[in-house]
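Undergrad: Sequence first, then the predicted structure, then my questions.
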Amino acid sequence: MSFSVVGNIAVFVMLIMVLYRMQSTYVAFTKRVFAGLGMGVVFGAILQLLYGQGSEVIRSSIEYFDIVGVGYVRFLQMIIYPLVMVSIISAILRLKDGTSLGKISGMTIGVLVVTTMISAIVGIGIANLFGLTAEGLTAGAAEVARGEMLENRLGAVEGVSFAKMAIDFLPANPFLDMTGARRTSTIAVVIFSVFVGVAATGIAKKKTEEFESFEKFIKMMHAIVMRIVTLVLRLTPYGVMALMTKVISGSNYADILELGNFVVASYAALIIMFLIHLAIVAMMGLNPMRHLKKIMPVLTFAFTSRTSAGAIPMNVKTQEEGLGIPSGIANFAASFGSTIGQNGCAGIYPAMLAVMIAPTVGINPLDMGFLIPLIAIITVSSFGVAGVGGGATFAALIVLSAMDLPVALAGLLISIEPLIDMGRTALNVSGSITAGTVTSKLLGETDMEVFNNDAPLELDGGEDAMA
């Protein structure tokens, strides 16, 4: 290990101590998250300024920073499936009948699908407004390799149909899905949990003693799991700092400038869709600015980590403790939103890619004969997009292959993929929270006292978490 790497690690440890000092003096959670974000941006920029993009010193340093950054994400992934399972079972045990369960799941999925359709339209509009096209773009070695990889993956995607995706949701082996082994494991765990919850309510009158014992067990497990969530979320500022340092120090700014038009267009579309989410919240009679303020920490994490699934624990707790959404609805929205109807990865991104690639094969991207099928395919294919890195690629492959467009051209964007994916992931999470917000409000379940409370949201438990 070189002296430079040791020095970088020492600085990183000092930054961690600054964040720990803020935590020990009870600085608000949101302020600590943004402090971690700012430190990561500055430290990452300094590293790249000192050593240059692709430096061995940066690569070696990042390996140690990943202990905090990647380690934090893995802790969150560790708790996803236990959280989803016990929360949904607990929520079903509190429901009076199966009708409520059907309304919750139907409304949640409906909002996710409709907002994905809207996001596709936004992506198409912005791509045409900016005149995006893949014509004339040059491909280096990395872009060519990426294009070949996409073409190799195309065979596995071409046979995917809506019926097959629906079948993939079903849990043939719930214990396998609890390991997250499949793209659709989250939804499979949700379905299995629903079966367990419904079965338990079915014996409530016939076997009262057994039901009460099971209900007490689930309450105990829910309390324990939520305590683990609290403990893990305390690490958020440290994880955000490490993840942001990695992104900034490893970015290739020359490539970003070369493809700057696509980057700007992408973020213009993402921002417009964020505003649409807030408009939907306002239509529900809720203060959109208060809503935005409360969801900013989880959006910040999603932005830096690039994982919708990893954001589920923080997503659920934000909805419950910040927005006044019941546990059951929050868990359904966060779980479905990590796999179904991702506004960023499954909506905006494939739409913009399709419009960008269409001129290379002689298709007018403003032709309604091209646009209407594109919107329909994007909407249907938004089911089953994985909430981890690579989900947007999977969605793009489905859409481009269905539209008979060359998938290899998508490889031209490899150098700016991480930068765009950050915004896409944050939008995905915002979409899932919007689905929970709308469903809860329409069912009259939102606790307005919690929503209207302007006290700082302490997702990590505040002072109690220090114990």
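TA: Received it, and whenever you're ready, just let me know what you need.
Undergrad: Strands of the stretch 151-300 of the chain, start to end?
TA: Using DSSP state E, counting those that start in this stretch, no strands are found in the stretch 151-300 of the chain.
Undergrad: Low-confidence ranges, the stretch 251-400 of the chain, go.
TA: 252-258, 384-391 (pLDDT under 70).
Undergrad: residue ranges of the helices in it, please?
TA: 253-258, 260-283, 288-305, 312-323, 327-337, 349-357, 368-381, 391-402 (DSSP state H, counting those that start in this stretch).
Undergrad: With I218 as the reference, name the closest of the ones you listed.
TA: Nearest to I218 among these is helix 327-337 (11.7 Å), distances taken as Cβ to Cβ. Where you see a C-beta, it was placed from the backbone N, CA and C, and this is true even at glycine.
Undergrad: what packs against the closest one?
TA: For helix 327-337, the helices and strands in contact under the criterion 3 or more Cβ pairs under 8 Å, 6 or more residues apart in numbering; DSSP states H and E are helix 56-94, helix 98-129, helix 185-202, helix 312-323, helix 417-442.
Undergrad: Quick one: distance of stretch 361-373 to the chain centre.
TA: The chain centroid and the centroid of stretch 361-373 are separated by 30 Å under Cα atoms, centre = their mean, to the nearest Å.
Undergrad: That one: end-to-end distance?
TA: 17 Å (Cα to Cα, to the nearest Å).
Undergrad: just wondering, since we're on the residue positioned nearest the centre of the chain, how far is it from S338?
TA: Nearest to the mean C-alpha position of the chain, counting by Cα atoms, centre = their mean, stands S308 at 2.0 Å. Using Cβ to Cβ, to the nearest Å, one gets 5 Å for the distance from S308 to S338.
Undergrad: Equivalent analysis for A311, please.
TA: A311 is 8 Å from S338, by Cβ to Cβ.
Undergrad: cool, and V247?
TA: For V247 relative to S338 (Cβ to Cβ), the value is 21 Å.
Undergrad: Specify which residue of the two has the higher count of neighbours.
TA: S338 (27 against 21; other Cβ atoms under 10 Å).
Undergrad: what residues are up against the more buried one?
TA: T186, S308, A309, A311, I312, G387, N428, S432 (Cβ atoms under 8 Å, 6 or more residues apart in numbering).
Undergrad: Need the max-distance pair from those.
TA: T186 and N428 (12.8 Å).
Undergrad: Near R21, how many other residues are there?
TA: So R21, with other Cβ under 10 Å, has 10 neighbours.
Undergrad: just checking, M284 touches T439?
TA: No. Checked against Cβ atoms under 8 Å, the pair M284 and T439 is beyond contact range at 9.9 Å.
Undergrad: Among those two, which residue is more densely surrounded?
TA: Neighbour count, other Cβ under 10 Å: between M284 and T439, T439 has more, with 28 against 16.
Undergrad: Roughly how far does the spatially closest residue to that one that is not a sequence neighbour sit from S335?
TA: Among residues not flanking T439 along the chain, M107 sits closest, at 4.2 Å (Cβ to Cβ, 6 or more residues apart in numbering). Counting by Cβ to Cβ, the gap from M107 to S335 is 14 Å.
Undergrad: Have a look at these two and say which one is more surrounded.
TA: More crowded of M107 and S335, by other Cβ under 10 Å: S335, with 29 against 20.
Undergrad: Tell me how far that one lies from G106.
TA: Taking Cβ to Cβ, one finds S335 at 15 Å from G106.
Undergrad: again, but for P359
TA: On the measure of Cβ to Cβ, P359 and G106 end up 39 Å apart.
Undergrad: With I348 instead?
TA: Plainly put, I348 is 25 Å away from G106 if you go by Cβ to Cβ.
Undergrad: Compare these two and say which one has the larger neighbour count.
TA: Taking other Cβ under 10 Å, I348 and G106 do not tie; I348 has more neighbours (33 against 11).
Undergrad: Look up the closest residue to that one, ignoring the ones flanking it.
TA: Nearest one to I348, counting by Cβ to Cβ, 6+ apart, is G123 at 3.8 Å.
Undergrad: neighbours of the nearest residue to G71 once chain neighbours are set aside, just the number please.
TA: Nearest residue to G71, sequence neighbours excluded (Cβ to Cβ, 6+ apart): G239, at 7.7 Å. Neighbours of G239 under the rule other Cβ under 10 Å: 27.
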